[in-house]
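[1] Sequence and computational prediction follow.
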Amino acid sequence: MGSTVDQPAGRPRILTGDTPTGRLHLGHYVGSLENRVRLQDEYECYFLLANMHAFTTRADKPSEIRESTLEIVRDWIAVGMDPNRSTFVLQTEVPAIAELTWFLAMLLPFNRVMRNPTLKTEIDAKDLGDTYSFGFPMYAVGQCADILAFRPQLVPVGVDQVAHIEMCREAARRFDQVYCGVDPHAEEEDYEKLGGVFPVPSALVGRVGRLVGTDGQHKMSKSLNNSVFLSDTPKQVKKKINSMYPGQSREPDQPGDPAINPVFDYLDTFCKDEALRAELRDRYTRGDNLGDGHVKAAVIDSVNELLEPMRARRAELEGPGGDDAVIDIIKAGAVKANAQAEHTLALAKDAMGLNFGDRRSMLGL
Ligand code: ATP
Ligand code: MG
């Protein structure tokens with residue numbers, strides 16, 4: 001299988017993805033989706049639906065996870081990710097990822113995983129207390145396997161994921177050193193060339209690495225009820241933006257501070273009209289008869305302008321037959337994903353002395 005799947009001379013690879021714990025929002029767009037769409041032709045892209053990871057916090061809600069999985073595929077297509085040019089990967093249909101998770105778990109110290117700042121932030125923000133599942137911290141190790149199963153060079157993510165990518169880089173280095181004899185002092189970009197199974201991948205953070213939520217405090221997050229979703233109607237967008245607290249209480253003729261007003265973060269992120277942005281900022285700062293509603297209206301228009309073409313593309317996958325079309329895309333992606341992930345697993349097992357024979361025949365296939 002190897003030589004047809006793995007093409008070192010071909011395009012470099014990307015792996016990234018989303019957990020189906022809800023629909024995608026504006027934070028995903030500026031943090032990662034924009035880069036995915038932009039890099040689709042330059043890179044061989046694998047986009048992961050991390051549905052196994054959704055179970056780490058929602059094991060009792062399988063139908064919600066299933067529905068979210070289909071919704072995320074709709075969101076992806078709405079933003080311009082193209083299943084004909086890229087591979088959509090449903091995590092639970094790619095067994096090599098789960099197997100690789102175990103092997104990598106043995107290479108990462110337990111305390112190193114538990115100290116991961118992203119996990120700590122999530123435990124607080126999602127109010128998981130001390131009753132979270134054993135599987136919850138495992139997802140951080142699983143994510144290393146998600147990535148490395150595709151041996152990518154680049155992982156486009158938001159800033160909250162950088163700590164996870166750092167751990168993934170460590171797992172790659174450690175595997176290559178322990179099982180492939182790569183010198184720990186070698187340059188990271190040389191690991192594959194020196195016989196390592198895994199490249200040491202880099203994170204690529206989007207234009208805005210952490211978009212704040214409509215609560216003005218936490219990062220916009222599908223689990224925190226502070227999101228403007230890519231699938232929101234114009235009316236929903238208006239309602240959410242209009243309900244934002246502008247960080248301060250002021251009258252239109254009183255000077256204000258844009259730096260503590262999250263509505264200005266959205267204006268800077270989504271309004272393409274530079275002159276309008278500068279004018280609103282200036283009038284707000286001086287208290288030149290500018291109400292908060294005025295700034296919000298500019299944000300609402302800009303966001304709707306961005307979402308309108310997405311709404312049109314999304315509509316094609318909604319209604320009768322929509323689910324079937326999405327499931328067909330998932331099935332086709334799983335076949336391509338398994339070819340790559342199985343190849344990686346075979347290389348990894350080979351390096352570990354676990355090459356006892358043909359996998360398909362041992363599985364009775
Ligand atoms: P959950 O609340 O379930 O963790 P989430 O909203 O954090 O959901 P994820 O599926 O965990 O979304 O993240 C998918 C990708 O989007 C990751 O690369 C993450 O870094 C990025 N991302 C998520 N939220 C934001 C945000 N507010 N700003 C920028 N990037 C973000
Ligand atoms: Mg998250």
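    Nice, I can see it. Ligands and ions are numbered 1, 2, ... in the order given.
[2] Helix, strand, or coil at whichever residue of the stretch 1-150 of the chain sits closest to ligand 1?
    In the stretch 1-150 of the chain, the residue found nearest to ligand 1 is Gly31; the distance is 2.0 Å by Cβ to the nearest ligand atom. To be clear about C-beta, it is placed using only N, CA and C from the backbone, and glycine gets the same treatment. Put simply, Gly31 is helix when judged by DSSP: H, G, I helix; E, B strand; the rest coil.
[3] That one - nearest residue in space that isn't next to it in sequence?
    Gly158 (3.1 Å; Cβ to Cβ, 6 or more residues apart in numbering).
[4] Looking at this protein, which helix is longest?
    In the chain, taking DSSP state H as the definition, the longest helix is helix 322-351.
[5] who does that one touch, helix- and strand-wise?
    helix 2-5, strand 44-49, helix 62-79, strand 87-90, helix 95-105, helix 162-180 (3 or more Cβ pairs under 8 Å, 6 or more residues apart in numbering; DSSP states H and E).
[6] per-residue confidence at Leu49?
    On pLDDT, Leu49 comes in at 98.
[7] Can you pull the residues of the stretch 201-350 of the chain lying near ligand 1?
    Contact residues (Cβ under 6 Å from any ligand atom) of the stretch 201-350 of the chain with ligand 1: Gly209, Arg210, Leu211, Lys219, Met220, Ser221, Lys222, Ser223.
[8] tally of neighbours for the spatially closest residue to the fourth one that is not a sequence neighbour?
    Excluding the flanking residues, the one nearest Lys219 by Cβ to Cβ, 6+ apart is Arg210, at 5.1 Å. The number of residues packed around Arg210, counting by other Cβ atoms under 10 Å, is 16.
[9] Likewise for the one 4 residues further on?
    A total of 23 residues lie near Thr214 under the criterion other Cβ under 10 Å.
[10] about what we covered before: and whichever helix or strand comes after the longest helix of the chain, how far out from the chain's middle?
    With elements assigned by DSSP states H and E, the helix or strand that comes after helix 322-351 is helix 359-362. Relative to the chain's own centre, helix 359-362 is displaced by 33 Å; criterion: Cα atoms, centre = their mean, to the nearest Å.
[11] Dump helix 359-362 to CSV, keeping only the CA atoms.
    The C-alpha atoms that make up helix 359-362 are tabulated as CSV, following Å, rounded to 0.1, in the frame of the first residue of the first chain:
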residue,chain,number,x,y,z
ARG,A,359,-2.9,-7.0,9.0
ARG,A,360,-5.9,-7.5,6.7
SER,A,361,-5.5,-11.3,6.7
MET,A,362,-5.1,-11.3,10.5
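[12] now it: mean pLDDT?
    92.
[13] what's next to it, contact-wise?
    With contact meaning Cβ atoms under 8 Å, 6 or more residues apart in numbering, helix 359-362 is reached by Glu342, Ala346, Phe356.
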